[in-house]
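Here's a sequence, model it:
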Amino acid sequence: MATSDAPDPNPEFDTSQPTIARVYDALLGGKDNFAADREGAALYLKYVPDAGRCAIENREALVKGVHYLARRAGIDQFLDIGSGLPTQKNTHEAAQEINPNAKVAYVDNDPIVLAHGRALLATNNSTIVVTSDLRRPQEILDNEEIKNHLDFSRPIALMIVGIHMHFHDDEKPDEWVRTLMDALVPGSYLFITDFVDTGEPLQKGMERAGLESLGNGWIRTPERIEQHFLGMPLVPPGLDFLARWFPEDPDADIPAVEDLQPYQRILMAGLAKKV
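Numbers count the residues shown, from 1 in each chain. Coordinates of the predicted model:
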């Protein structure tokens, strides 16, 4: 993985506070986390004993979405915001096993992601990682390394996977995404997963865990999640629970909602195409 020539972020990471990337890493069984992150993960497990399985399902959904984009949609450029640590198969691996020439730009606000990107993915010249924040979308678009790596005159898949829940609606996160999508040409895609609120207790437990451990992690109704897609048409099967979401085979024999385990009714996924 190539990295930015910009000055390194402060290498003395603040390990006394949990971060989204490192708590997620802990839930996935990774090793790139610290005591505060493991305590945060323990809070998730307290309220949602299958929180680790939720994290794994979210990563599996990422792979399903990327496979659809690379194989069916012919997308060979990916801008992955809030990418986290490469604990399990990540966007570049999923895309490049379909198309070895696919290019991926990872963006995360946790400087440890940049550091581990260097250490773990140094030989992948088709993938870069930069430190920035979804809250500053124009900064992402103006980043010289991203502009040099991705061709904005061609379709790009914008990935906001497992990130929206960490921003309150009062922050207007959809407007940040709109700024990014406005810079992408027709034929580009928007891929989102988010915590859902259909009135189930375990969904409320996931929200409580996030608020207590990270200070964020809000659940949203399916109708509100659909608004994340900015009115763009959704790829079949539309917005659905991760265990029922198969964009490469939307007519598959999927389980009924009532047959899903409670933890499988916490996250939803969707893909939309800019036309």
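
State the mean pLDDT of stretch 238-249.
Average pLDDT, stretch 238-249: 97.

Pull the distance from it to the chain's centre.
Centre-to-centre, stretch 238-249 and its host chain are 16 Å apart (Cα atoms, centre = their mean, to the nearest Å).

residues of it that come out buried?
Of the residues in stretch 238-249, those buried under the neighbour-count criterion (16 or more other Cβ atoms under 10 Å) are 238-247. Quick note: C-beta positions are derived from backbone N, CA and C, even for glycine.

what's the first-to-last distance across that stretch?
End-to-end distance for stretch 238-249, by Cα to Cα, to the nearest Å: 12 Å.

distance of Gln96 from Gly74?
With the distance defined as Cβ to Cβ, to the nearest Å, Gln96 ends up 15 Å from Gly74.

Tell me which of these two has more neighbours.
Taking Gln96 and Gly74 together and counting by other Cβ atoms under 10 Å, Gln96 has the greater number of neighbours (20 against 10).

how near is the more buried one to Tyr189?
In this structure, Gln96 and Tyr189 are 17 Å apart, going by Cβ to Cβ.

Equivalent analysis for Leu230, please.
Distance of Leu230 to Tyr189, given as Cβ to Cβ: 12 Å.

cool, and Thr131?
Between Thr131 and Tyr189 the computed distance is 24 Å (Cβ to Cβ).

With Gly210 instead?
Going from Gly210 to Tyr189 by Cβ to Cβ gives 27 Å.

returning to that earlier point: shared neighbours, Leu230 and Tyr189?
The contact sets of Leu230 and Tyr189 overlap at Ala272 (Cβ atoms under 8 Å, 6 or more residues apart in numbering).

Those two: which has the busier surroundings?
Here Leu230 and Tyr189 are compared on neighbour count by other Cβ under 10 Å; more neighbours surround Tyr189, at 23 against 15.

hang on, isn't that one packed against Leu180?
No - in terms of Cβ atoms under 8 Å, Tyr189 does not count as a neighbour of Leu180; the distance is 12.0 Å.

Now do the shared contacts for the two.
Between them, Tyr189 and Leu180 share the contacting residues Leu158, judged by Cβ under 8 Å, 6+ apart.

can you map out the strands along the stretch 101-250 of the chain?
According to DSSP state E, counting those that start in this stretch, the stretch 101-250 of the chain carries its strands in the segments 103-108, 127-131, 157-161, 189-195, 240-241.
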